[in-house]
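**Q** Sharing a model prediction with you, sequence too.
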There are 2 protein chains.
Amino acid sequence: MKYYVGIDLGGTDIKAGVIDEGFNIVAKHVVPTNPGRLVDEIVADMADAGKTAVKMAGLAESDIIYVGVGIPGAVNSKTNIIILTPNVGWKNVDFIPIFKKYWDIPVFLGNDADAAALAEVYAGAARGYDNVVVLTLGTGVGGGFVFDKKIFTGGGFGTEPGHIIIVADGEPCGCGARGCLEAYASVTALIREAKQIMAEHPDSLLHTLCEGDSSRVNGKIIFDAAKQDDTAAKAIVSDYVKYLGAGIASFCNALRPQAIILGGGVCNAGEPLFAPLDKIVESLIFSTGDGEIPPILRAELGNDAGIIGAALFGIGS
Amino acid sequence: MKYYVGIDLGGTDIKAGVIDEGFNIVAKHVVPTNPGRLVDEIVADMADAGKTAVKMAGLAESDIIYVGVGIPGAVNSKTNIIILTPNVGWKNVDFIPIFKKYWDIPVFLGNDADAAALAEVYAGAARGYDNVVVLTLGTGVGGGFVFDKKIFTGGGFGTEPGHIIIVADGEPCGCGARGCLEAYASVTALIREAKQIMAEHPDSLLHTLCEGDSSRVNGKIIFDAAKQDDTAAKAIVSDYVKYLGAGIASFCNALRPQAIILGGGVCNAGEPLFAPLDKIVESLIFSTGDGEIPPILRAELGNDAGIIGAALFGIGS
């Protein structure tokens, strides 16, 4: 059996895990990131967390083929320089030589959203597909493209699927642009839209479910109310699906993936989200006459995707 | 010197050319396509046109390394099956074995817009770049993505950059969807928008330049009137740039190309198109903090791009 270590660096935690060649997590160790510290201190903790996971797995460091590291920010895939990680406070960090001071082993580096995408393809919802677009619908919209079972890094910097523009000159986005997919399909956008529509529908069930405080509205409440045929909730879902569908169709037409994987809490809505989404995307896909519509599937790996995916960065190398 | 043959199949003409290793066209021969004929008849004419170009170049067939063929439709890059070519009337054609009946030589197949994109990277406006998005603004919006100097074919079928959605639920597009880039950035869309705005501005210079017949309006007239500070014309240009800019920004953020190449007659407008476009795209690009904005350049090769690019399909193979 071959073993790999995946390390998922986040703004809160450093998660390290040992992965076997069947993509199972054999052991996992999590330590706090404490961002803002010296780069060397954080990197030393990352190496330590990996080594601890190796010990927990009952393995020796020499059993590990390589370490893969997922970074929450932009990594130049040609130079391996970490350009920017807003939540960890790094800028222009040449990570690999620093890591090797603490653990001298082959190291592969990539973006954390790319890691999650790769994990879904090898070990999650997209098993069996080679060409997949993965989108995570959270505070923002992240994701990654996998082609020929490899991360598509575009022209070197990371892809930013949340920042394709689906409404020219539309809603302002956190990135400074207008009309980005993230400004319509993130949970943040869903809540913003919900509050607007709630204000226009004082009699909506949503107010009752929020106990009169619209700031309590969330994805579950919206989909629950829509299930009970609430007009306002149905309008919110319909708008959300319209925009998310436009984004998915853009990826389908530009990149021709075999499947779309959606992650993030909003996917817990299940059928009431996925059924209308399928319908809208189907209506927007550029047909070559073969009638193939890529399925839209729900991500399977949750929080472990980052570790498993990071451990896949060196695959095939 | 090494030589290659590129054949560009169009709805009107079959263009064949001999290309040298400096990407120059050494000889060119053009015959009518006469679409609707038997597949074999058209393919035989394609092979003949190529052989004639070889003779015109003063070469022997044995001097030719391979033939590359650009097809105006969807080609499955894995199976080499031509799925659909609306203007030639082909469906599910296994081209290469048919071609080899008439000319037994290595054959490489691809989409004609991809060919044009490849040509700009090797021999045109994008020389020196590895990662480029090429868009052709014509009756529709076509184009191709080149990454690591190779055509990006996505998940097997051709990419359709004209059919990313830039206005969710927007203008109807010829493809059956709504809000596609093509429905806003094609010349067809520019003219549609111009007629609308002209109707709202009966005193616009545009009416004079069209000699009172708004159906005569075209890109040149619009940009000429804008140069003369005509309010309606400036509004048309401003809208056009807004939508085209949103599409370009989507490609920049999703794919991170080093440059964008624009082709098609509307690019003759020059600075009055490119200057505001640069500004809009810059405002919409997701920054990684390195401040790099890919330049938007004008395609250089015009009608020869299809032949040169087809001859590049086998490069590196």
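**A** Looks like it came in fine.
**Q** How about the residues of the stretch 51-200 of chain A by chain B?
**A** Residues of the stretch 51-200 of chain A found near chain B (C-beta under 8 Å from any C-beta of the partner chain) are A:74, A:83-84, A:91, A:130-131, A:145, A:147, A:152-161, A:163-169, A:175-180, A:184. All C-beta atoms are positioned from the backbone trio N, CA, C, and that covers glycine.
**Q** Chain A: helices as residue ranges?
**A** A:39-56, A:95-102, A:112-123, A:182-185, A:187-200, A:205-209, A:219-227, A:231-255, A:271-284, A:305-310 (DSSP state H).
**Q** Packing partners of the second one?
**A** Which is helix A:95-102. helix A:39-56, strand A:64-71, strand A:107-111 (3 or more C-beta pairs under 8 Å, 6 or more residues apart in numbering or on different chains; DSSP states H and E).
**Q** now with 7 Å?
**A** For helix A:95-102, the packing partners by 3 or more C-beta pairs under 7 Å, 6 or more residues apart in numbering or on different chains; DSSP states H and E come out as helix A:39-56, strand A:107-111.
**Q** circling back: ranking the helices of chain A by burial, who's on top?
**A** helix A:305-310 (a mean of 29; mean count of other C-beta atoms under 10 Å in any protein chain shown).
**Q** just checking, what packs against that one?
**A** Against helix A:305-310 (3+ C-beta pairs under 7 Å, 6+ apart) you get strand A:3-9, strand A:13-20, strand A:25-32, strand A:64-71, helix A:112-123.
**Q** Contacts made by the longest one with the rest, please.
**A** Contacts of helix A:112-123 with the rest of the structure, by C-beta atoms under 7 Å, 6 or more residues apart in numbering or on different chains, involve A:8, A:23, A:70-72, A:126, A:129, A:132, A:134, A:136, A:142-144, A:146, A:149, A:151, A:158, A:261, A:263, A:299-301, A:305-306, A:308-310, A:312-313.
**Q** Could you export the helices and strands packed on helix A:305-310 as CSV, including distance to A:Ile98 and mean pLDDT?
**A** CSV is the format used below for these (distance: least, C-beta to C-beta, whole Å; pLDDT from 0 to 100):
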stretch, distance to A:Ile98, mean pLDDT
strand A:3-9, 13, 98
strand A:13-20, 14, 98
strand A:25-32, 17, 98
strand A:64-71, 11, 97
helix A:112-123, 18, 96
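**Q** right, and those - which one's nearest A:Lys220?
**A** helix A:112-123 (22.4 Å; C-beta to C-beta).
**Q** re the thing from before, separate out the buried members of the contacts of helix A:112-123.
**A** In the contacts of helix A:112-123, burial by neighbour count holds for A:8, A:23, A:70-72, A:126, A:129, A:132, A:134, A:136, A:142-144, A:146, A:149, A:151, A:158, A:261, A:263, A:299-301, A:305-306, A:308-310, A:312-313, counting by 16 or more other C-beta atoms under 10 Å in any protein chain shown.
**Q** what residue ranges in the stretch 51-200 of chain A score low on pLDDT?
**A** Per-residue confidence for the stretch 51-200 of chain A (pLDDT under 70) gives these ranges: A:156.
**Q** and with 50 instead?
**A** Judged by pLDDT under 50, the stretch 51-200 of chain A has no weakly predicted residues.
**Q** picking up where we left off before, out of the residues of the stretch 51-200 of chain A next to chain B, name the ones that lie in strands.
**A** Those of these mapping onto strands are A:74, A:83-84, A:91, A:145, A:147, per DSSP state E.
**Q** out of those residues, who has the most neighbours?
**A** Of all these, the most densely surrounded is A:Phe145 (25 neighbours; neighbours counted as other C-beta atoms under 10 Å in any protein chain shown).
**Q** from memory that residue sits against A:Leu255, does it?
**A** Yes - with contact defined as C-beta atoms under 7 Å, A:Phe145 reaches A:Leu255; the gap is 6.3 Å.
**Q** Give me the buried positions along stretch A:24-41.
**A** Neighbour-count burial for stretch A:24-41 [16+ other C-beta under 10 Å]: A:25-30, A:33, A:35, A:39.
**Q** what's the closest of the residues you listed to A:Ser215?
**A** Among the buried residues of stretch A:24-41, and counting by C-beta to C-beta, the member closest to A:Ser215 is A:Pro35, at 27.8 Å.
**Q** dump the residue contacts of the nearest residue to the closest one once chain neighbours are set aside.
**A** Spatial nearest neighbour of A:Pro35, chain neighbours left out: A:Val88 (4.7 Å); criterion: C-beta to C-beta, 6 or more residues apart in numbering or on different chains. Residues in contact with A:Val88 (C-beta under 7 Å, 6+ apart) are A:9, A:11, A:33, A:35, A:42, A:72.
**Q** List the contacts of the second one.
**A** Contacts here follow C-beta under 7 Å, 6+ apart; on that basis A:Gly11 touches A:33, A:35, A:72, A:87-88.
**Q** With the fourth one instead?
**A** Neighbour list for A:Pro35: A:11, A:87-89 [criterion: C-beta under 7 Å, 6+ apart].
**Q** ok so, going back, who touches both of A:Phe145 and A:Leu255?
**A** Counting by C-beta under 7 Å, 6+ apart, the residues touching both A:Phe145 and A:Leu255 are A:Val133.
**Q** Out of the contacts of A:Pro35, which is nearest to A:Leu109?
**A** Using C-beta to C-beta, A:Val88 comes nearest to A:Leu109 of those, at 13.7 Å.
**Q** ok, that closest one to A:Asp94 distance?
**A** In this view, A:Val88 and A:Asp94 are 15 Å apart by C-beta to C-beta, to the nearest Å.
**Q** Same question for A:Lys28.
**A** 28 Å.
**Q** next one: A:Asp114
**A** A:Asp114 is 19 Å from A:Asp94, by C-beta to C-beta.
**Q** what's the answer for A:Val141, then?
**A** Distance from A:Val141 to A:Asp94, by C-beta to C-beta: 29 Å.
**Q** of these two, who's got more company?
**A** For A:Val141 versus A:Asp94, the count of surrounding residues by other C-beta under 10 Å is larger for A:Val141: 28 against 12.
**Q** so what's that one closest to, chain neighbours aside?
**A** A:Val141 sits nearest to A:Gly162 (C-beta to C-beta, 6+ apart), 3.3 Å away.
**Q** and what of A:Leu9?
**A** Nearest residue to A:Leu9 in three dimensions, chain neighbours excluded: A:Ile71, at 5.6 Å (C-beta to C-beta, 6+ apart).
**Q** Looking at A:Ala259 now. What's its pLDDT?
**A** pLDDT recorded at A:Ala259 is 96.
**Q** From A:Ala125, how far off is it?
**A** Applying C-beta to C-beta to A:Ala259 and A:Ala125 gives a distance of 8 Å.
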